[in-house]
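**Q** what follows is a predicted structure for the sequence shown.
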Amino acid sequence: MPPNSFLLPDTLRNWPWKEPIVNPNYCDVHAESVQWLESFDKLTPGARKALFKGGFDIFCALVYPEASLYNLRSGCDLMHTFFALDDETDDLDGPRAKELCDIALHAVQNPDMSRPEGESVIGEITRQFWQRASANAPQAAQERFVKSWKLYLDSVVQQAQRRSASYLCTLDEYMTARRLNIGCDPSFVLLELSLDLDLPHEVMEHPAMVSVNSDIRDMTILWNPELKATQDLISYKKEVLTDSADYNIITVVMIECKTDLTGAVEWISNRFEELATHFLVTRKDILNHLDSCNSWGDAMDDQVKRYIDGLGQWIRGHDEWTFRSERYFGDHGIEVQEIRRIDIACP
């Protein structure tokens, strides 16, 4: 390969969830959530353009394929809340990002409380999203969302601090931070809601369940950007061209492992396959135990199986979205999906 090119590995070639599934409610929902976000009339022209190119509505249709119309809308609203928060914090330093994130946390903790006059629009966007999404959510799911939302916001502040200081992370630092600011944990709560599940904390905190969540989260980090921004393997070309690739795992691996672009991509691909294998082994162990005496009861066992399969479909849908949206490859996504080659032109 030329020095400014790399082959995108086909990391899901052996994944049991072979085909993406598009939620049949997509056509009814896809404009609603965008119109809701636009109704606040606070997006910059650049953010508005990125919003439509991002295709967050089709993302939700792919990762929440079984959601009802109501819950699919909630998923879309979450992605657009991520987007709005990212747009507002993108150029902020740590202290100013913390002010905004404190507002977003208070809004989720108090969804029925009116927001103060003159406050950033993020407060009302977040409040409306969670007030609607939590209306029919089981208590345990609500508690998990609030907890994961706080950790996510803390990581957004940390990222702003590091960005303003041009901080280059070690690989361990990078993965630790990204596990929070990728936004997977709040999104996985919406996955529960999309499947109409009511999973108690004792089930979700079981080590095996924590493990499958962790594997899918790390696979998402390695394969594609966080849900609210543009980073990592898929977006490396975009970030190189905009001179913003310092906080990208390819850059981190190249520096820490003292390798070139091809070597970094190979490292990421190998690690992704390790995670995929571990997920499938853990899934098999969980299902085998459910069939034995180590069961939570038939009804709860069925919910556990559906949740784990939902995670499997999540990563398949996530992969498909990267090529269907215009966010990374413009009109050439399907071509890139077929030939797998990424050419990085000179800035």
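**A** Ah, there it is. Keep in mind it's a predicted model, so treat the numbers as computed, not measured.
**Q** count of residues packed around residue 333?
**A** Residue 333 is flanked by 19 other residues according to other C-beta atoms under 10 Å. Glycine gets a C-beta too; all of them are placed from N, C-alpha and C.
**Q** pLDDT weak spots in the chain?
**A** Within the chain, the segments meeting pLDDT under 70 span 1-5, 42-54, 164-167, 224-247, 291-294, 326-330, 343-347.
**Q** how about the strands of it, start to end?
**A** For the chain, the strands defined by DSSP state E occupy 5-7, 341-343.
**Q** buried residues, the helix ranked longest in the chain. List them.
**A** Identified as the longest helix of the chain according to DSSP state H is helix 261-290. Residues of helix 261-290 classed as buried by neighbour count (16 or more other C-beta atoms under 10 Å): 261, 264-269, 271-273, 275-276, 278-280, 282-283, 286, 289-290.
**Q** what is that helix packed up against?
**A** strand 5-7, helix 207-223, helix 249-256, helix 298-324 (3 or more C-beta pairs under 8 Å, 6 or more residues apart in numbering; DSSP states H and E).
**Q** now do 10 Å
**A** strand 5-7, helix 207-223, helix 232-241, helix 249-256, helix 298-324 (3 or more C-beta pairs under 10 Å, 6 or more residues apart in numbering; DSSP states H and E).
**Q** residue 340 is nearest to which of these?
**A** Counting by C-beta to C-beta, residue 340 lies closest to strand 5-7 out of the helices and strands packed on helix 261-290; the figure is 5.2 Å.
**Q** relative to residue 113, which of the helices and strands packed on helix 261-290 is closest?
**A** Nearest to residue 113 among the helices and strands packed on helix 261-290 is helix 207-223; the distance by C-beta to C-beta comes to 30.7 Å.
**Q** can you show me the CA trace of that closest one as PDB?
**A** The C-alpha trace of helix 207-223 is given here as PDB (Å, rounded to 0.1, in the frame of the first residue of the first chain):
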ATOM      1  CA  PRO A 207     -19.500 -10.200  35.900                       C
ATOM      2  CA  ALA A 208     -20.400 -12.000  32.700                       C
ATOM      3  CA  MET A 209     -22.900  -9.300  31.700                       C
ATOM      4  CA  VAL A 210     -20.400  -6.600  32.600                       C
ATOM      5  CA  SER A 211     -17.900  -8.400  30.300                       C
ATOM      6  CA  VAL A 212     -20.200  -8.600  27.200                       C
ATOM      7  CA  ASN A 213     -20.900  -4.900  27.600                       C
ATOM      8  CA  SER A 214     -17.200  -4.100  28.000                       C
ATOM      9  CA  ASP A 215     -16.300  -6.100  24.900                       C
ATOM     10  CA  ILE A 216     -18.900  -4.400  22.700                       C
ATOM     11  CA  ARG A 217     -17.900  -1.000  24.100                       C
ATOM     12  CA  ASP A 218     -14.200  -1.500  23.300                       C
ATOM     13  CA  MET A 219     -15.100  -2.900  19.800                       C
ATOM     14  CA  THR A 220     -17.000   0.300  19.200                       C
ATOM     15  CA  ILE A 221     -14.000   2.400  20.300                       C
ATOM     16  CA  LEU A 222     -11.600   0.500  18.000                       C
ATOM     17  CA  TRP A 223     -13.800   0.300  15.000                       C
END
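**Q** now the angle from it to helix 261-290?
**A** 160 degrees (axes from the mean of the first three to the mean of the last three C-alpha atoms, to 10 degrees).
**Q** now helix 207-223: buried residues?
**A** Within helix 207-223, judged by 16+ other C-beta under 10 Å, the buried ones are 209, 211-223.
**Q** what residues does the residue nearest to residue 312 when sequence neighbours are not counted make contact with?
**A** Excluding the flanking residues, the one nearest residue 312 by C-beta to C-beta, 6 or more residues apart in numbering is residue 17, at 4.6 Å. Residues counted as contacts of residue 17 (C-beta atoms under 10 Å, 6 or more residues apart in numbering) are 309-317, 319.
**Q** look up how far residue 128 lies from residue 17.
**A** For residue 17, the distance to residue 128 (C-beta to C-beta, to the nearest Å) stands at 33 Å.
**Q** skip the chain neighbours and tell me the closest residue to residue 58.
**A** residue 324 (5.8 Å).
**Q** and the one you found, how many neighbours?
**A** Around residue 324 there are 20 residues (other C-beta under 10 Å).
**Q** check contacts around the closest residue to residue 104 other than its chain neighbours.
**A** Nearest residue to residue 104, sequence neighbours excluded (C-beta to C-beta, 6+ apart): residue 126, at 4.7 Å. Contacts here follow C-beta under 10 Å, 6+ apart; on that basis residue 126 touches 77-78, 81, 84-85, 103-108, 111, 115, 120, 149, 153.
**Q** switch to 6 Å and redo it
**A** Residues near residue 126 by C-beta atoms under 6 Å, 6 or more residues apart in numbering: 81, 104, 107-108.
**Q** if I look at it, how far off is residue 58?
**A** From residue 126 across to residue 58, the span is 23 Å (C-beta to C-beta).
**Q** check residue 145 too.
**A** For residue 145 relative to residue 58 (C-beta to C-beta), the value is 23 Å.
**Q** more neighbours: those two, which one.
**A** Neighbours per residue (other C-beta under 10 Å) separate residue 145 from residue 58, with residue 145 holding more: 24 against 19.
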